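# this one's sequence-less:
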């Protein structure tokens, strides 16, 4: 049966990106409203994070979006990941932006004519038929692919989904483990703050201070037209971002060789001996590496599903977990810290990035207990002072509850920490965090991020990964309900989509 006939839904409006403070949509259940956001942001092959502010395909956004889409359209979730991976470079990197050629150049900066991927990236194997950026984002993709497969294994097998994405995901991990081991210890380094995803975290202040900014007249910021300037990165920081990206581009997007060891874990205590393509910025980040480890476990499961052995990948993930704990764990801070390879030491700022490794099953119990205490203690205040997990230390000098990644709470990091709490048996805390994510996502119209104290919407609303991850947590909350109730939730949301393009899909 065409499930769209079971729910009367207006066609998605093409470019509805609400600003913070607009009243949320009303009159529908959370899954229906979330599905409408994803449908409105769908371009035909992928989902934009936000129609006006982020009008292209973003790498880790698409991974999170696929995780939510799987509950209402496994086919569209598979397509989301396939579209992203089709833009992969020959060296294995998955670019952080895949540009939509129908979007005007001045709609977003840096635009394709800044990155010049097809020319500057030719030696690294950039695709010729699509324009991309030249940097990367956190590798959530194998985890997303595994979860998407699990949503409808029959459809996945019929389409050969895992068989087609596995070689690309393996090449992506190989690129990171071999080309980005700039410190020689086995961990992946980021060479630009945008790669880590938490763009202007205070963790980057000290490394960025070494960078001579590009002149303000050399670029035009499109982001300031869509949000409050005082909530966005400063012009000085943006000038440094531009300088780093331009230097990397002008070097042909070349990376250092780092510690090339067969298992991708390098030497345990290597120093910053090879900074390679990192220029003046090369940082080992706990969240980036934790997501790679989680995805390596997922890639092992994908290999097993395809009839191969996943033993070596599970073992690699376990070894990387050990390296992460040895190299980035700080007992005094009771959390993981970033490591600046140029200064060859830890960056002593408490960011939500240092809590994300909680999602790894192989962490020592004493590390898990310390992370939970830090999460719920005065620095992050979960369950007490804050409604969602702030992106930065509440007691830090740079804390600002509204400025991008310098204090506001983001839904994707709370989703990761909810998952981590549940992995380690912290069920009550996980349930409370899930309830807070669902309540605030709905109340804010699926805001980009929120004030961690008040839950006030910040940035854009109708934001892709907020809607998708709310769908995922809603599904997890209701999956143990009686069968009829469970189907009703799924069908209501699925009915939002135009089923004419969803042949072979399931509710």
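Done, it's in. Everything numeric here is computed off the predicted structure, so don't read it as measured data.
# Which element, helix or strand, includes residue 470?
If you go by DSSP states H and E, residue 470 is part of helix 464-478.
# swap in residue 245?
In the assignment (DSSP H and E), residue 245 maps to helix 235-250.
# Going along the chain from that helix, find the next helix or strand for me.
Downstream of helix 235-250, the next assigned helix or strand under DSSP H and E is strand 283-284.
# which strands and helices sit next to that next one?
If contacts are counted by 3 or more Cβ pairs under 8 Å, 6 or more residues apart in numbering; DSSP states H and E, strand 283-284 sits against strand 189-190, strand 339-340. To be clear about C-beta, it is placed using only N, CA and C from the backbone, and glycine gets the same treatment.
# What segments of the protein are strands?
57-58, 97-98, 189-190, 283-284, 329-330, 335-336, 339-340, 345-346, 409-410, 449-450, 457-458 (DSSP state E).
# Report the central residue of the chain.
Taking Cα atoms, centre = their mean as the criterion, residue 60 is the residue nearest the geometric centre of the chain, at 3.6 Å.
# so what's that residue up against?
By Cβ atoms under 8 Å, 6 or more residues apart in numbering, residue 60 lies in contact with 96, 137, 138, 140, 197, 412.
# and which of those is nearest to residue 348?
Set against residue 348, the nearest of those by Cβ to Cβ is residue 197 (20.7 Å).
# need the contact list for that closest one.
Residue 197 makes contacts with 60, 137, 138, 287, 288, as judged by Cβ under 8 Å, 6+ apart.
# surely the second one meets residue 58?
If I follow you right, that is residue 137. Yes - between residue 137 and residue 58 there is a contact at 7.1 Å, judged by Cβ atoms under 8 Å.
# Name the residues contacting each of those two.
The contact lists of residue 137 and residue 58 share residue 96, where a contact means Cβ under 8 Å, 6+ apart.
# Give me the below-cutoff pLDDT ranges for the stretch 151-300 of the chain.
216, 218-233, 257-279 (pLDDT under 70).
# What of the chain?
The model of the chain has pLDDT under 70 over residues 1-27, 216, 218-233, 257-279, 480-507.
# could you redo the last one with a cut-off of 90?
Across the chain, the ranges flagged by pLDDT under 90 are 1-28, 51-53, 106-109, 199, 214-238, 256-280, 404, 478-507.
# remind me, longest helix of it?
Ranked by number of residues, the top helix in the chain under DSSP state H is helix 286-305.
# how about that helix: buried residues?
286-303, 305 (16 or more other Cβ atoms under 10 Å).
# for stretch 332-348, same thing?
333, 334, 335, 336, 337, 338, 339, 340, 341, 342, 346, 347.
# tell me how far that stretch is from the chain's mean position?
22 Å (Cα atoms, centre = their mean, to the nearest Å).
# same deal with stretch 87-98?
In terms of Cα atoms, centre = their mean, the centre of stretch 87-98 is found 15 Å from the chain centre.
# First-to-last residue distance for it?
Terminal residues of stretch 87-98 are spaced 7 Å apart (Cα to Cα, to the nearest Å).
# List the contacts of that stretch.
46, 56-60, 83-85, 115, 117, 121, 124-127, 130-137, 139, 141, 168, 171-176, 179, 194-195.
# which of the residues you listed are buried?
Using 16+ other Cβ under 10 Å as the burial test, the contacts of stretch 87-98 include 46, 56-60, 83-85, 115, 117, 121, 124, 126-127, 130-137, 139, 141, 168, 171-173, 175-176, 179, 194-195 as buried.
# Stretch 359-368: end-to-end distance?
Terminal residues of stretch 359-368 are spaced 9 Å apart (Cα to Cα).
# buried ones in that stretch?
Buried residues in stretch 359-368, defined by neighbour count with 16+ other Cβ under 10 Å: 359, 360, 362, 363, 367, 368.
# So which of those is the closest to residue 439?
Within the buried residues of stretch 359-368, proximity to residue 439 (Cβ to Cβ) peaks at residue 359, which comes in at 22.1 Å.
# what residues are up against the residue nearest to that closest one when sequence neighbours are not counted?
The shortest distance from residue 359 to any non-neighbouring residue, by Cβ to Cβ, 6 or more residues apart in numbering, is to residue 420 (3.8 Å). Taking Cβ under 8 Å, 6+ apart as the contact definition, residue 420 lies against 355, 356, 357, 358, 359, 360.
# same thing but 10 Å
290, 294, 355-361, 363, 368, 371-372, 375, 426, 430, 433 (Cβ atoms under 10 Å, 6 or more residues apart in numbering).
# taking the residues you listed one by one, which sit in helices?
Taking DSSP H as the definition of helices, the contacts of residue 420 contribute 290, 294, 368, 371, 372, 375, 430, 433.
# Of those residues, which is the nearest to residue 188?
Among the ones in helices among the contacts of residue 420, residue 290 lies closest to residue 188 (Cβ to Cβ), at 10.5 Å.
# how much space is there between the closest one and residue 361?
Distance of residue 290 to residue 361, given as Cβ to Cβ, to the nearest Å: 11 Å.
# hey, what's in contact with both of the two?
Residues touching both residue 290 and residue 361 (Cβ under 10 Å, 6+ apart): 321, 420.
# In contact with residue 66, which residues?
So residue 66 contacts 46-47, 74, 76-82, 84, 140-141, 143-145, 147-148, 151, 465, 468 (Cβ under 10 Å, 6+ apart).
# Residue 243 is nearest to which of the helices and strands packed on strand 283-284?
Closest to residue 243 of the helices and strands packed on strand 283-284, according to Cβ to Cβ: strand 189-190, at 15.9 Å.
# So which other helices or strands are in contact with the closest one?
The helices and strands touching strand 189-190, judged by 3 or more Cβ pairs under 10 Å, 6 or more residues apart in numbering; DSSP states H and E, are strand 283-284, helix 286-305.
# Out of those, which is closest to residue 441?
Nearest to residue 441, of all these, is helix 286-305, at 20.9 Å by Cβ to Cβ.
# Could you count how many residues lie near residue 461?
Applying other Cβ atoms under 10 Å, we find 25 other residues in the vicinity of residue 461.
# Residue 37 is in contact with that one, correct?
Yes - Residue 461 lies in contact with residue 37 (Cβ atoms under 10 Å); the separation is 8.7 Å.
# Show me what the helix holding residue 470 packs onto, helices and strands only.
Helix 464-478 packs on helix 30-40, helix 59-69, helix 411-423, helix 427-443, helix 483-494, going by 3+ Cβ pairs under 10 Å, 6+ apart.
# Could you check it and say which residues are buried?
Within helix 464-478, the residues scored as buried using 16+ other Cβ under 10 Å are 464, 465, 466, 467, 468, 469, 470, 471, 472, 473, 474, 475.
# Then stretch 37-56?
37-42, 46-56.
# Can you get me a residue count around residue 109?
15.
# Need the distance between the two termini of stretch 298-314.
Counting by Cα to Cα, you get 9 Å between the two ends of stretch 298-314.
# contact partners of it?
Residues external to stretch 298-314 that are found in contact with it (Cβ under 10 Å, 6+ apart): 139-147, 149-150, 153, 156-157, 160-163, 165-166, 169-170, 172-173, 263-264, 292, 295-297, 315-317, 362.
# please redo it, this time with the cut-off set to 8 Å
142-143, 145-147, 149, 162-163, 165-166, 169-170, 173, 263, 296-297, 317.
# Equivalent analysis for stretch 336-345, please.
So stretch 336-345 is in contact with 182-183, 187, 189, 203, 206-207, 210, 271-272, 275, 278, 280-286, 324, 327-330, 346-351, 353-355, 357, going by Cβ under 8 Å, 6+ apart.
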